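*Asks:* Have a look at this prediction, sequence included:
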Amino acid sequence: MEWRDEGIVLAARPHGEGAAVVQVLTLEHGRHAGLMHGGNSRGKRGMVEPGNRVDAVWRARLTEHLGRYTIESTRHTAAQFMDDPARLAALSAACAVVETVIPEREPYPGLYAATSTLLDALSEGELDIWPAVYIQWELGLLQELGFGLDLKSCAATGDVEDLIYVSPRTGHAVSRVAGHQYRERMLTLPQFLRPDGRGLGADNEDFSSGLKLSGFFLARHAFDPLDRGLPAARERLEAIISRTGKNTDETATEC
């Protein structure tokens, strides 16, 4: 059998002499692996770097076989920000998270579209915008997996204003008043994720809080059941963002 699809490379691992097993998040066929001859060779290795947009043709005698890929790269994502450690960490983190938690060969068109948007934000977005897009991408991934957070109103009072906490037990937003006595146990809801705060500016403290929030629930619902921790790239991204209270441009310069 054979199919053709657009996709985003998640990983490419050496296999034998010069070949690579390539994991691709495709639009219509989900996360799908295949063997690419020459994928680990000097001439083709750049074609299958994580984050690359590709046109892929997959062929196999039977559906359950690993199959073989013929891949053409249409856009080299990482090459556009090779001097920015924070964006590279975000790209690596997104690819590693999807490769680990998304079931193989199940289409997730919503996730594919969101990941494409994230790659555009990493490539072209303003320095003060892309971290928010990344955090919202992780929250969207949780939604796709059936573990979406409820950040629209207070779980205790129903209020939609002054929401500053998230319950680590339920994933619901909590207002300042309702959560005050439990504040030491609560997660912080960053301003740009609040119903009354969207469209407002955010700084690295907000982004750091957002990464801790989405990372907490990703670890609990997606990685703990697999007996795995968050990917190293994801931890590196959080460390880079939290390292400074200034902007991500200064962070990248210091790294």
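*Replies:* Yes, it's here. Numbers count the residues shown, from 1 in each chain.
*Asks:* can you pull out the helices in this structure?
*Replies:* Per DSSP state H, the chain carries helices over the ranges 85-101, 109-124, 130-144, 176-179, 204-218, 232-242, 248-254.
*Asks:* And for the shortest one, what's in contact with it?
*Replies:* With contacts defined as C-beta atoms under 8 Å, 6 or more residues apart in numbering, helix 176-179 is touched by 154-157, 159, 162-165, 167, 186. (Glycine included, C-beta is placed from N, CA and C.)
*Asks:* Can you pull the poorly scored residue ranges out of the stretch 101-250 of the chain?
*Replies:* 125-127, 197-201, 244-250 (pLDDT under 70).
*Asks:* which strand of the protein spans the most residues?
*Replies:* strand 2-15 (DSSP state E).
*Asks:* Now do that strand, average pLDDT.
*Replies:* Strand 2-15 shows a mean pLDDT of 96.
*Asks:* Please name every helix or strand in contact with that strand.
*Replies:* strand 19-26, strand 30-36, strand 53-59, helix 85-101, helix 109-124 (3 or more C-beta pairs under 8 Å, 6 or more residues apart in numbering; DSSP states H and E).
*Asks:* still on that earlier bit, turn the helices of the chain into JSON lines, including distance to residue 6.
*Replies:* What follows is the helices of the chain, written out as JSON lines (distance: least, C-beta to C-beta, whole Å):
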{"stretch": "helix 85-101", "distance to residue 6": "15"}
{"stretch": "helix 109-124", "distance to residue 6": "9"}
{"stretch": "helix 130-144", "distance to residue 6": "19"}
{"stretch": "helix 176-179", "distance to residue 6": "44"}
{"stretch": "helix 204-218", "distance to residue 6": "26"}
{"stretch": "helix 232-242", "distance to residue 6": "24"}
{"stretch": "helix 248-254", "distance to residue 6": "29"}
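*Asks:* isn't residue 98 right up against residue 30?
*Replies:* No. Counting by C-beta atoms under 8 Å, residue 30 is not a contact partner of residue 98; they are 10.1 Å apart.
*Asks:* returning to that earlier point: indicate which one of the helices and strands packed on strand 2-15 is closest to residue 192.
*Replies:* Proximity to residue 192, assessed across the helices and strands packed on strand 2-15 by C-beta to C-beta, is greatest for helix 109-124 (13.8 Å).
*Asks:* got the buried residues for the closest one?
*Replies:* Buried residues in helix 109-124, counted by 16 or more other C-beta atoms under 10 Å: 111-112, 114-115, 118-119, 121-123.
*Asks:* Just the CA trace of it, in PDB.
*Replies:* What follows is helix 109-124, C-alpha atoms only, in PDB (Å, rounded to 0.1, in the frame of the first residue of the first chain):
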ATOM      1  CA  PRO A 109      -5.800  17.200  12.500                       C
ATOM      2  CA  GLY A 110      -6.400  19.800  15.300                       C
ATOM      3  CA  LEU A 111      -3.000  19.100  16.800                       C
ATOM      4  CA  TYR A 112      -1.300  19.100  13.400                       C
ATOM      5  CA  ALA A 113      -2.800  22.600  12.700                       C
ATOM      6  CA  ALA A 114      -1.800  23.900  16.200                       C
ATOM      7  CA  THR A 115       1.800  22.500  15.700                       C
ATOM      8  CA  SER A 116       2.100  24.300  12.400                       C
ATOM      9  CA  THR A 117       0.900  27.500  14.000                       C
ATOM     10  CA  LEU A 118       3.500  27.000  16.800                       C
ATOM     11  CA  LEU A 119       6.300  26.500  14.200                       C
ATOM     12  CA  ASP A 120       5.200  29.700  12.400                       C
ATOM     13  CA  ALA A 121       5.300  31.600  15.800                       C
ATOM     14  CA  LEU A 122       8.800  30.200  16.500                       C
ATOM     15  CA  SER A 123      10.000  31.200  13.000                       C
ATOM     16  CA  GLU A 124       8.300  34.500  12.600                       C
END
